[in-house]
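Asker: Coordinates for the following, if possible.
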Amino acid sequence: MSVQKNNLTETQVEAIVLTPEAQQAKRKAEDYLRDPNKTKKLLAAVVEKAKKRQDKKGPLVEVWERLKALSRLVNAFVRKEYKEVPWQSLVLSSMALLYFVTPSDLFPDFIPVAGYVDDATIIAFVVNAIKADLDKFLEWEATKY
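Answerer: Purely as a prediction, here's the structure:
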């Protein structure tokens with residue numbers, strides 16, 4: 001088995017999250033990760049919102065599957081079941097989950113199609129950035145069940 005790397009380097013990710021808004025989101029994500037109760041509430045909100053958006057077919061099916069994978073990764077870490085993930089990957093995952101549940105994102109969710117595009121873009125970016133870590137988690141998860 002070859003060792004995969006994440007698609008974006010740590011330096012590239014850091015450059016992206018240097019904006020004041022991203023720094024604020026990063027601090028909030030870290031705060032959530034350090035508080036299991038907050039994380040549980042976040043994950044419950046993700047599940048609730050994802051139920052409303054659950055596409056059985058169409059272009060966003062894979063995005064929603066990856067969203068669920070990010071949720072499971074964060075959940076497994078918080079429950080101390082899975083620790084083989086870099087902190088930065090957890091923070092990015094939590095940032096994406098927080099963005100997903102935030103009602104005042106770039107395009108409000110009540111706008112048809114566009115309301116999903118920004119969420120899907122953020123989720124796809126994070127999945128791409130932490131691809132190797134997420135794939136490793138999914139491999140671990142597959143052996144667990």
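Asker: State the phi and psi torsions of the residue nearest the centre of the chain.
Answerer: Among the residues of the chain, the one closest to the centroid is Ser93, at 3.2 Å (CA atoms, centre = their mean). In this entry, Ser93 is assigned phi and psi values of phi -60, psi -50 (degrees, to the nearest 10).
Asker: which residue packs closest to it, ignoring adjacent ones?
Answerer: For Ser93, the nearest residue in space outside its immediate sequence neighbours is Leu70; the separation is 4.5 Å by CB to CB, 6 or more residues apart in numbering. All C-beta spots, glycine's among them, are computed from the backbone N, C-alpha and C.
Asker: didn't the one you found look like it was pressed against Val127?
Answerer: Yes. Using CB atoms under 8 Å, Leu70 is in contact with Val127, at 7.1 Å.
Asker: Buried residues in the helix or strand where Trp64 lies, which are they?
Answerer: For Trp64, the enclosing helix or strand under DSSP states H and E is helix 61-78. Under the neighbour-count criterion of 16 or more other CB atoms under 10 Å, helix 61-78 has 63-64, 66-67, 69-78 buried.
Asker: Output these as TSV; include the columns distance to Val46 and pLDDT.
Answerer: Conversion of these to TSV gives the following (distance: CB to CB, whole Å; pLDDT from 0 to 100):
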residue	distance to Val46	pLDDT
Val63	13	83
Trp64	11	83
Arg66	12	91
Leu67	7	92
Ala69	12	96
Leu70	9	97
Ser71	5	97
Arg72	10	97
Leu73	12	98
Val74	9	98
Asn75	10	97
Ala76	14	97
Phe77	15	96
Val78	13	94
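Asker: if we take these, which one ends up nearest to Asp35?
Answerer: Minimum distance to Asp35 across the buried residues of helix 61-78 is 9.1 Å, recorded for Val78 (CB to CB).
Asker: what's the spacing between that closest one and Leu33?
Answerer: According to CB to CB, to the nearest Å, Val78 and Leu33 sit 7 Å apart.
Asker: intersection of neighbour lists for those two?
Answerer: The overlap between the contact sets of Val78 and Leu33 (CB atoms under 8 Å, 6 or more residues apart in numbering) consists of Thr39.
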